[in-house]
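1. Just a sequence and a predicted model for now, questions to come.
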Amino acid sequence: MNKKLFSILLIMVLIMAMIIGGCTKAADQPSQPGEEPKVEDEKKQDEASGEEPSEEQPKEVTIVTWDKPGDTALPWQVELYEEKMKRFREKYPWIKVEDISIPPGTDYRQKYDQGLLANEEPTVTAMFPYVDIPTRAKDGSIGDLTEFVENWDLRKEGKVFTGFDDAIQVDGKWYAVPYMPYQQHIVINKKLIRDAGLDPEDIPTTWDEFGEFCAQITDASKNRFGFGLMGMEWCAWPFTNFVWNAGGEMGVQNPDGTWRLTFAEQPGVDAAMFWHDLVWEYKCTQKNVLESYDDLFADFVQGRTAMQWGGISGYINDYVNKYGGDINDLDLMTTPAKEGCESYNLAGGETYTISPNATPEQREAAWLYIQFMGYDLEILELTSKVSAENGSPIFRPFGRTDFQPLDYATDIPEAWKKKLTDLSATAKPEPWMPHWNDVKNALVKPLQTIILTEDMTPEKAKELLEQCAEDLYAKYPDTFKKQ
Amino acid sequence: MIRIMRSKRKNKTVITGRKVQHSLELWNNVQGWLFLLPALIAFALFKYYPIFQGLFVSLFRFSVAKPPGEFIGLQNYIRLFKDAELKTAIINTLEFTGISFICGFWGPILLAILVNEVRHSSTFFRTAYFLPAISPGIGMLVLWKYIWQPDYGLANYILSLLGLPAQLWLNDVKLVKWVIFFPGLIIWGGFNYLIYLAAVQDIPQELFESASIDGAGILQKLWHILLPGISPIVRIMVILQIIGAMQIFDQPYIMTGGGPAGASETVTLYAFKTAYTGQEFGYAMSILVCLFVVLIILSYIQLRMQKED
């Protein structure tokens, strides 16, 4: 009897839970992309405004952003953000911005997807690299911006960065606009090189010589290493640059639009073996080659590694302001290449995207937010000026091509400006094929095996990379084809 | 006549008594269920609902933008059999289970036996061994990650003091599983130790005294009294240990992210990555549903053993 009663009660509770869950979901579900906004959505916005919508002034609308600086942000960064928000509110008083900060170190892709499932995603965000756009456009996790981009005067005037265009346009529709492009290179701590008795102005740019040079810098007893190798789960990102610098490609597009994976060809094997040699032959890397990006970064700014693959603007603030280093000890150079091959430097960058669940009013407001934060000359000037004044000059260009933040970077070594300009000629955009992130994730295991196995041979390395490519062909047959 | 009346009255009293007793029982039952209801609702909402939801999602090619996405039936389950990475993760998980059995099982038993023998400052030792178990586990793991750091970590520093060669620890494919498990031995071993200590102390002292009078040595007492005395607890703990080890996630997630080269990637971590890095929530759920079934079987065995004891 008791068992029966228990079972009945349990079933009732489960049914209740499901009904509650179902009802809540249905009630909270906003309009789907392509659908008309629900009346309730509009009502909510009216209620939030507390006033009747008038014909002259647009109806009050709320957008959500994740742009608010977190607890670890420096005071000047918080002040700068608040100033920009103040100006935005003054210009667009009917747009209410609910700004949230996400903790540093958060996996933003994971956070966004969780938000999307819970209807708590940001209405507008500048988080996603352009390489994510083709995949996200296809899975519907970002909204269509075509109506705005095609009627965008700034773009018609040729003042918008076009380097991402092939990636952010999917099936003739626009899904993103550029936020800040970047370029990677080798960052240098000249002080460590001088400490090793070497000339920091004469760093070799070919692999073998570079390896030997790094070996001479390395002194494990002093915790000083020539090259900080990024062997952790992001390793395929720098690996791509090294494959190019051995004369190869990660993938080549087939005539039918699918992609042939080419990282297992000889240049890919050479690049992987060069990394292996840095670890085992030249013994010039940190021992923990799998350390996190934050730890790798700390190794450089705290003066343990002399050189790293990165972007110099990201290192200045910590090296100078946090650890009291001299900016003149920092420098940059092109990513070394295999003998006889051309040197490229990987370019990438984030984009502005909007939520697929945004209502038409929210989409309009989000577009105004993008225009203001990413393309308003006054705001770009303010950002560049304040950042430079606080020892964190911006080297990365904005999405607007008629504005150069580098012009405001007055306290940097003069030679950098020329070097940065020269390096921009060697920029090569990160591949943006669909499932590119899956390719990078799949490469982690073979690359780590190659760099961690002392007796690794080129044949064995080729085998591992080929197996990885085969797995990807099998897993994503619609995207990757051998042909 | 009087007898009949008395008998009727008696019958009425008995019936009234039964009714009162029945309503009391009913009220007690209702009260019991009312007390249980908050817990039942919480379980239903936060445990059973996600389980059913997971089972449901595992039948779809899940889409975060338009959930639940395309219905694909059992395709995710069929794919499990062809997934080489999952196979590696299963082998890793089994290896972790074996290491957990070797280190995390016998260590706390031995510790409990030894601490039980301590006569002076026994409270101090009991507290000292249990304290790490109640400290924040994530913080401890992050700390241990830096202890194992091969460039400037404490572990290599100690080896250098002893004149031993430095190790790669978490970067070494052969060492990584042992190294990852070590903090767990200290952090969660404290709980196991406490349970074993309670079991050891539950054995009547007279048995040991009688054995001593009969001339039994330490090993004989250990083998014939102590171990049989704690065997019911040991059997349950074995199963719990296996269930825990098969769900290992925190240690590899925080300390290695599943590396090097996938050497510490467990089934739960692989499912997590499949969901959040690979965006394949449906497939990730099918992996977890299968793990859930295995754990149900193990739990059933544990319950049967408890019943027998």
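-> Perfect, thanks for sending it.

2. Go ahead and confirm residue B:165 touches residue B:150.
-> No: applying C-beta atoms under 8 Å, one finds residue B:165 not in contact with residue B:150, separated by 11.3 Å. The C-beta positions use only the backbone N, C-alpha and C, and glycine is treated the same way.

3. neighbour count winner among these two?
-> residue B:150 (20 against 7; other C-beta atoms under 10 Å in any protein chain shown).

4. Doesn't that one belong to a helix?
-> No: the assignment for residue B:150, made by DSSP: H, G, I helix; E, B strand; the rest coil, is coil rather than a helix.

5. Check it and give its pLDDT.
-> For residue B:150, the pLDDT comes out at 88.

6. Got the phi and psi for it?
-> For residue B:150, the backbone dihedrals (degrees, to the nearest 10) come out as phi -70, psi -20.

7. what helix or strand does the residue nearest to it when sequence neighbours are not counted sit in?
-> Leaving aside its chain neighbours, residue B:150 sits nearest to residue A:287 (3.9 Å; criterion: C-beta to C-beta, 6 or more residues apart in numbering or on different chains). For residue A:287, there is no enclosing helix or strand under DSSP states H and E.

8. pretty sure residue A:287 is touching residue B:153, no?
-> No: with contact defined as C-beta under 8 Å, residue A:287 does not count as touching residue B:153 (9.5 Å).

9. quick one on the thing from earlier: dump the residue contacts of the residue nearest to residue B:150.
-> A:220, B:150-151, B:166, B:168, B:171 (C-beta atoms under 8 Å, 6 or more residues apart in numbering or on different chains).

10. how does it look with 10 Å?
-> Counting by C-beta atoms under 10 Å, 6 or more residues apart in numbering or on different chains, residue A:287 touches A:220, A:223, A:225, A:279, B:149-153, B:156, B:166-169, B:171.

11. buried subset of those residues?
-> Buried members of these, scored by 16 or more other C-beta atoms under 10 Å in any protein chain shown, are A:223, A:225, A:279, B:149-151, B:153, B:156, B:167-169, B:171.

12. In terms of pLDDT, where does residue 133 sit?
-> You didn't pick a chain, so chain A it is. pLDDT, residue A:133: 94.

13. not quite, I wanted chain B
-> 80.

14. Need the three-state assignment for it.
-> Three-state call for residue B:133 (three-state DSSP): helix.

15. mind checking how far the closest residue to it other than its chain neighbours is from residue A:84?
-> Leaving aside its chain neighbours, residue B:133 sits nearest to residue B:190 (2.7 Å; criterion: C-beta to C-beta, 6+ apart). Plainly put, residue B:190 is 50 Å away from residue A:84 if you go by C-beta to C-beta, to the nearest Å.

16. cool, and residue B:130?
-> The value you get for residue B:130 to residue A:84, if C-beta to C-beta is used, is 52 Å.

17. partners of the residue nearest to residue A:424 when sequence neighbours are not counted in the sheet?
-> Sequence neighbours aside, residue A:183 is the residue nearest to residue A:424 in space, at 6.4 Å (criterion: C-beta to C-beta, 6+ apart). With DSSP bridges applied, residue A:183 shows beta-bridge pairing to residue A:347.

18. Identify the residues contacting residue A:183.
-> A:311-313, A:332, A:345-349, A:395-397, A:420, A:423-424, A:426-429.

19. Please apply the same query to residue A:467.
-> Counted by C-beta under 10 Å, 6+ apart, residue A:467 has contacts A:264, A:442, A:445-446, B:84.

20. what's the helix or strand for it?
-> Going by DSSP H and E, residue A:467 is part of helix A:458-475.

21. Next: residue A:308.
-> Assigned by DSSP H and E, residue A:308 belongs to strand A:305-310.

22. contacts for the following helix or strand past that strand?
-> Per DSSP H and E, the first helix or strand lying C-terminal to strand A:305-310 is helix A:313-316. Helix A:313-316 is contacted from outside by A:182-184, A:187, A:189, A:297, A:300-301, A:308, A:325, A:327, A:330, A:332, A:387, A:391-396, A:405-406, A:409, A:411-412, A:416, A:420, using C-beta under 10 Å, 6+ apart.

23. Buried only: go through these for me.
-> A:182-184, A:187, A:189, A:297, A:300-301, A:308, A:325, A:327, A:330, A:332, A:387, A:391-396, A:405-406, A:409, A:412, A:416, A:420.

24. still on that earlier bit, wait, which of the buried ones among the contacts of residue A:287 is closest to residue A:92?
-> Nearest to residue A:92 among those, counting by C-beta to C-beta, is residue B:149 at 49.1 Å.

25. circling back to that earlier point, closest one to residue A:58 out of the contacts of residue A:287, please.
-> Distance to residue A:58 across the contacts of residue A:287 (C-beta to C-beta) is lowest for residue B:149, with 55.4 Å.

26. ok, now how distant is the closest one from chain A?
-> Distance of residue B:149 to chain A, computed by C-beta to the nearest C-beta, to the nearest Å: 6 Å.

27. which residues does the residue lying closest to that residue once chain neighbours are set aside contact?
-> Leaving out its chain neighbours, the residue that sits closest to residue B:149 by C-beta to C-beta, 6+ apart is residue A:288, at 5.8 Å. Contacts were defined as C-beta under 10 Å, 6+ apart; by that measure residue A:288 touches A:229, A:231-232, A:295-296, A:299, B:145, B:148-153, B:168-171.

28. Also residue A:406?
-> A:313, A:384, A:388, A:393-397, A:412, A:416-417, A:420-421.

29. what's the spacing between it and residue A:396?
-> Note on residue A:406: its distance to residue A:396, by C-beta to C-beta, is 9 Å.

30. any shared contact partners between those two?
-> A:313, A:420.

31. Next, show the common contact partners of residue A:287 and residue B:153.
-> Common contacts of residue A:287 and residue B:153 (C-beta under 10 Å, 6+ apart): B:166-167, B:169.

32. Can you redo the residues you listed as JSON lines, where the extra columns are secondary structure, pLDDT and distance to residue A:95?
-> Output for these, formatted as JSON lines (DSSP: H, G, I helix; E, B strand; the rest coil; pLDDT from 0 to 100; distance: C-beta to C-beta, whole Å):
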{"residue": "B:166", "secondary structure": "coil", "pLDDT": "89", "distance to residue A:95": "58"}
{"residue": "B:167", "secondary structure": "coil", "pLDDT": "91", "distance to residue A:95": "57"}
{"residue": "B:169", "secondary structure": "helix", "pLDDT": "92", "distance to residue A:95": "52"}
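
33. Contacts only, for the spatially most central residue of chain A.
-> Geometric centre of chain A, nearest residue: residue A:129, 4.5 Å, by C-alpha atoms, centre = their mean. Residue A:129 makes contacts with A:109, A:164, A:167, A:176, A:179, A:182, A:237, A:348-351, A:430, A:432, A:436-437, as judged by C-beta under 10 Å, 6+ apart.

34. check contacts around the closest residue to residue A:481 other than its chain neighbours.
-> Among residues not flanking residue A:481 along the chain, residue A:258 sits closest, at 4.2 Å (C-beta to C-beta, 6+ apart). Residue A:258 is in contact with A:251, A:433-434, A:473, A:476-483, counting by C-beta under 10 Å, 6+ apart.
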